[in-house]
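*Asks:* Next input, structure requested:
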Amino acid sequence: MSASRPTDSRPSRSTDPDPGAGTSTDAPRPRVAIVGAGFAGLNVVKNLKDAPVEVLLIDQHNHHTFQPLLYQVATAQLESGDVAHQVRAVLRRQDNARFLQGTVVGVDWDARMLHLADGSDVDFDQLVVAPGAIYADFGVPGVREHAHFLKSLSEAVNLRSHVLRRFEEADRDPSAIDRGALTFVIVGGGPTGVEMAGALSELIHRSLPGDYPHLDLSRARIVLLEMADALLPPFSEGSQRHAKKVLEKRGVEVRLGTTVEEVRRDGVRIADDGFLPAGTVVWAAGVQAHPLVAALGVDTTRGGRIVVEPDLSLPGRPFAWAAGDAAASTDDE
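*Replies:* Here you go, the predicted model:
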């Protein structure tokens with residue numbers, strides 16, 4: 001199998017004869033390519049540590065992000081370095097694994113070749129697709145253009161800067177508060193939305209008062225919008241009630257059964273409730289598979305996830321698997 005891989009310098013698959021024995025002693029090991037350095041991808045790499053294979057981990061970023069804590073970066077509780085870890089450092093002690101920074105844009109299943117955005121190709125014997133997920137906008141106009149997301153380190157850092165600029169704006173011109181400068185709308189009452197709302201409340205009422213002694217922070221609003229009739233849908237009813245009670249005690253306005261029809265630069269339009277001016281809109285209303293999945297030519301289910309067998313292999317392709325948020329796992333095994 002040949003490939004044009006200007007950035008791929010792995011040893012040749014060919015074997016050199018042993019002059020003493022007259023037979024090959026350096027048999028090539030099969031390559032397992034893993035796309036995505038998230039939780040799923042890294043766990044696959046680690047579980048192959050003692051396997052007789054060559055592992056190649058590919059990701060567009062050279063760091064692994066601990067996504068559950070991104071909301072703390074966005075609210076200035078943690079620095080970016082606290083939730084990001086260099087992939088090469090993680091793989092340093094695993095002899096059979098190496099890392100390639102690149103963006104996978106397609107695959108040739110017959111040739112078993114991955115296509116990268118820079119025009120190069122990477123061949124594989126076995127493949128694990130684990131690119132993660134992005135937030136789903138559900139077709140709501142303006143989400144991609146005007147809302148903030150919390151799926152990457154850069155998004156969290158940008159959101160933090162944006163939030164702090166809103167306080168600077170209000171401190172400079174208090175009338176901006178009437179236009180929604182200090183109104184923070186969070187769409188989605190799942191774990192990310194709930195955590196973000198609580199962290200914003202702590203930032204506003206505990207961390208910032210000393211920095212803005214002349215600004216009336218009691219006028220700041222945090223509005224959490226959830227389309228369902230309860231927060232944290234996957235959790236128990238007791239947890240749902242507790243989360244709502246705690247957030248409301250911290251000053252968060254929780255609106256259940258609320259549908260956002262449009263996101264604008266200066267706020268959101270809510271079904272049956274008109275327009276809500278806001279200087280910041282955070283979108284945390286569900287996820288869908290990474291766009292890469294659509295370029296793979298595989299069968300998908302709701303949310304763009306890859307149809308898989310019970311062992312997570314792709315139907316008709318026993319040499320390929322999907323893992324993590326990209327896999328439509330049925331948990332049959």
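
*Asks:* Now do the helices in the stretch 201-333 of the chain.
*Replies:* 237-249 (DSSP state H, counting those that start in this stretch).

*Asks:* low pLDDT regions in it?
*Replies:* Within the stretch 201-333 of the chain, the stretches with pLDDT under 70 are 331-333.

*Asks:* could you redo the last one with a cut-off of 80?
*Replies:* For the stretch 201-333 of the chain, the stretches with pLDDT under 80 are 330-333.

*Asks:* longest helix anywhere in the protein?
*Replies:* The longest helix of the chain (DSSP state H) is helix 153-172.

*Asks:* Compute the inter-axis angle for the helix or strand just after it and helix 153-172.
*Replies:* Once the chain leaves helix 153-172, the next helix or strand it forms, by DSSP states H and E, is strand 183-187. Interaxial angle of strand 183-187 relative to helix 153-172 (axes from the mean of the first three to the mean of the last three C-alpha atoms, to 10 degrees): 150 degrees.

*Asks:* Extract the CA atoms of strand 183-187 and return them as PDB.
*Replies:* What follows is strand 183-187 as a C-alpha-only set of coordinates in PDB (Å, rounded to 0.1, in the frame of the first residue of the first chain):
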ATOM      1  CA  THR A 183     -28.100  40.100  30.800                       C
ATOM      2  CA  PHE A 184     -26.600  36.700  30.200                       C
ATOM      3  CA  VAL A 185     -28.800  34.200  28.500                       C
ATOM      4  CA  ILE A 186     -27.900  30.500  28.600                       C
ATOM      5  CA  VAL A 187     -29.900  28.200  26.300                       C
END
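
*Asks:* And the contacts of that strand?
*Replies:* 147, 163, 193, 196-197, 200, 220-225, 260, 263, 267-268, 276-285 (C-beta atoms under 8 Å, 6 or more residues apart in numbering). (Glycine included, C-beta is placed from N, CA and C.)

*Asks:* Over to stretch 258-268?
*Replies:* So stretch 258-268 is contacted by 140-143, 145-147, 179-180, 183, 185, 187, 225-227, 269-271, 273, 275-279, 281, 283, 285 (C-beta under 8 Å, 6+ apart).

*Asks:* How about stretch 59-73?
*Replies:* Under C-beta under 8 Å, 6+ apart, the answer for stretch 59-73 is 35-38, 41-42, 78-80, 82-88, 90, 99, 101-103, 150-153, 155-157, 160, 191-192, 195-196, 199.

*Asks:* Now, those that are in strands?
*Replies:* Under the assignment DSSP state E, those contribute 35, 84, 85, 86, 99, 101 to strands.

*Asks:* Identify the bridge partners of the fourth one.
*Replies:* The bridge-partner assignment for residue 86, based on DSSP bridges, gives residue 63.

*Asks:* Next: the first one.
*Replies:* With beta bridges defined as DSSP bridges, residue 35 has these partners: residue 58, residue 129.

*Asks:* got it, and the last one?
*Replies:* Beta bridges link residue 101 to residue 59 when assigned by DSSP bridges.

*Asks:* returning to that earlier point: of the contacts of stretch 59-73, select the buried ones using a PyMOL command.
*Replies:* A single PyMOL command is used to select the members of the contacts of stretch 59-73 judged buried by 16 or more other C-beta atoms under 10 Å:
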select buried, resi 35+36+37+38+41+42+78+83+84+87+90+99+101+102+150+151+152+153+155+156+160+191+192+195+196+199
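
*Asks:* Show me which of the contacts of stretch 258-268 are buried.
*Replies:* Buried among the contacts of stretch 258-268 by 16+ other C-beta under 10 Å: 140, 142-143, 146-147, 179-180, 183, 185, 187, 225-227, 269-270, 276, 278-279, 281, 283, 285.

*Asks:* Report how many residues lie close to residue 119.
*Replies:* 9 (other C-beta atoms under 10 Å).

*Asks:* Sticking with it, tell me its helix or strand.
*Replies:* Using DSSP H and E, no helix or strand contains residue 119.

*Asks:* returning to that earlier point: any idea which of the ones in strands among the contacts of stretch 59-73 is closest to residue 317?
*Replies:* Using C-beta to C-beta, residue 35 comes nearest to residue 317 of these, at 14.3 Å.
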